[in-house]
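Q: Sequence first, predicted model second:
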Amino acid sequence: MRSEEVATAEPTEEMAEGAGTAEEAGEVLEAESEAAASEAEPAVAQRAANAAETGLQPEVAEGDELLALALAAVSKQRDAFRSALALTLDQVRNGVEVQTAGEDRAERAAVELGTFARGKIDPESFARLTAASASEDDSWLAPARRALDTLRALSARKDELFRVRVEPGGDLYAAVDRALAEAGRAFGAARVYELARAGRYAAAEHDPLLASFPFRRWKAAEREKAPPLVVELAGGDMVVGGLASFLDGTLKIVLIVRGESPPAPLVRLVTPGILVLQTSEPDQLSLVRTAAGPAIAALVPPEAGAFVHEPSGSDARVEVRHIPEKEAKRAVGQVSAFQQAEELRLLRSLAEGAPARSRGRSEPSAGGSPAEAAAPPADPVDKLAAWLLRQADLSDLEPGT
């Protein structure tokens, strides 16, 4: 079995026992997450109501309820990764144990030979024969054990593997990159094990996979099993442009924003095949749960903008739900006033280009022609592409290039 298949394989009949256990565990974990989310939701709603009455904004940093809701929103992807990790751990452990088994080698050989060989082949002699053959070169065992230790350590981290906290003033992109490289060690361990078994392991080249395996090196099959991330950060650190490089496969990212936030940071990530959600309503995270492909969502304060881009939508791919009225006058953390103004300008542009049925129909102007009134609105994603081109400096390009 190839290394990427070890880490991402679906349970088969031969693996029924171990895989079934992983699947059942995943189902139980998902049920627990949903229960926690359902219990937490009234508390979140009550806090929001209290904030509206007192004029105070809910403190996201204290919101374990929000964290539970965010984890529930990515529970499907989380449990798929856990299941793949558990399955890989079982396979590597069994491979190492079979090779290193001592007194029970004959018993294992009898089980492997099956009832057909009973009375025809001596299990003890067969075990000695296979052991002698295997002992000629057992150099693969050392890297296999290191791969096994890596998988055990990752499995022991549980939900901490899917949580990221960006310290105030920190780098959001770097934090996400590190978290994915840490979880990616599971894929690296699977590769090291398979390379060792195949006799193609080279310590200098392959041992680094056990220490860190960044997302940019993951194969397509590994990105389809990508672990989700729930990221807690200050609004001033919402520099999200670099996150576009991670939105592939089935990766899901939920950002929980504390304190003042730029008005529309996620608008920069709107592309045709990605769910992009910016909202102050936790129940909207259900869209992340049902998204088939990559998705990114941010829980922001009510003062920030709110919109959703759903790839599955027909004509209303971008729905703008709230546009802040106030223009940015000062920087919010690392986000300058100019950057905020540009994001807000793009959000307004997307709202103008969204189909009328998603915002309420408006009457044509008095001077507008029937043809102009009937003309379909510009595609919001085309508007985004035009805006991005306007931001690029193409002055150094030769004509015709």
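A: All right, it came through fine.
Q: Quick check: the closest residue to G333 other than its chain neighbours vs A341, distance?
A: Closest residue in space to G333, ignoring its immediate chain neighbours: G236 at 1.5 Å, by C-beta to C-beta, 6 or more residues apart in numbering. Where C-beta positions appear, they are placed from N, C-alpha and C, glycine not excepted. Separation of G236 from A341 (C-beta to C-beta, to the nearest Å) stands at 16 Å.
Q: Between those two, point out the one with more neighbours.
A: Using other C-beta atoms under 10 Å, the more surrounded residue of G236 and A341 is G236, with 19 against 15.
Q: Assess the claim that the more buried one and P168 are in contact.
A: Yes. In this structure G236 lies within contact range of P168 using C-beta atoms under 8 Å: 7.5 Å.
Q: any common contacting residues for those two?
A: Common contacts of G236 and P168 (C-beta atoms under 8 Å, 6 or more residues apart in numbering): G333.
Q: Determine the set of other helices and strands touching the strand or helix carrying E194.
A: Element membership of E194, judged by DSSP states H and E, is helix 185-197. Judged by 3 or more C-beta pairs under 8 Å, 6 or more residues apart in numbering; DSSP states H and E, the packing partners of helix 185-197 are helix 3-8, helix 75-100, helix 141-156, helix 203-206, helix 208-211.
Q: Might you list the low-confidence residue ranges for the stretch 201-350 of the chain?
A: Low-confidence segments of the stretch 201-350 of the chain, defined by pLDDT under 70: 312-316.
Q: Can you lay out the helices and strands packed on helix 185-197 as JSON lines showing distance to A297?
A: Shown next, in JSON lines, are the helices and strands packed on helix 185-197 (distance: least, C-beta to C-beta, whole Å):
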{"stretch": "helix 3-8", "distance to A297": "25"}
{"stretch": "helix 75-100", "distance to A297": "13"}
{"stretch": "helix 141-156", "distance to A297": "25"}
{"stretch": "helix 203-206", "distance to A297": "36"}
{"stretch": "helix 208-211", "distance to A297": "31"}
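Q: one step back: relative to helix 141-156, how tilted is the helix holding E194?
A: With axes from the mean of the first three to the mean of the last three C-alpha atoms, to 10 degrees defining the directions, helix 185-197 sits at 160 degrees from helix 141-156.
Q: Send me helix 185-197 as CSV with only the CA atoms.
A: Extracted in CSV, the C-alpha atoms of helix 185-197 (Å, rounded to 0.1, in the frame of the first residue of the first chain):
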residue,chain,number,x,y,z
ARG,A,185,3.4,14.7,10.6
ALA,A,186,0.8,11.9,10.5
PHE,A,187,1.1,11.8,6.7
GLY,A,188,4.9,12.1,7.0
ALA,A,189,4.9,9.1,9.5
ALA,A,190,2.9,7.0,7.0
ARG,A,191,5.4,7.8,4.3
VAL,A,192,8.4,7.0,6.4
TYR,A,193,6.9,3.7,7.4
GLU,A,194,6.1,2.7,3.8
LEU,A,195,9.5,3.9,2.5
ALA,A,196,11.2,1.9,5.3
ARG,A,197,9.3,-1.3,4.5
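Q: who touches it?
A: For helix 185-197, the external contacting residues (C-beta under 8 Å, 6+ apart) are 1-4, 6-7, 81, 84-85, 88, 92, 95, 140-141, 143-144, 146-148, 150-151, 154, 201, 206-207, 209-213, 218, 222.
Q: Nearest to L172, out of the helices and strands packed on helix 185-197?
A: helix 75-100 (19.8 Å; C-beta to C-beta).
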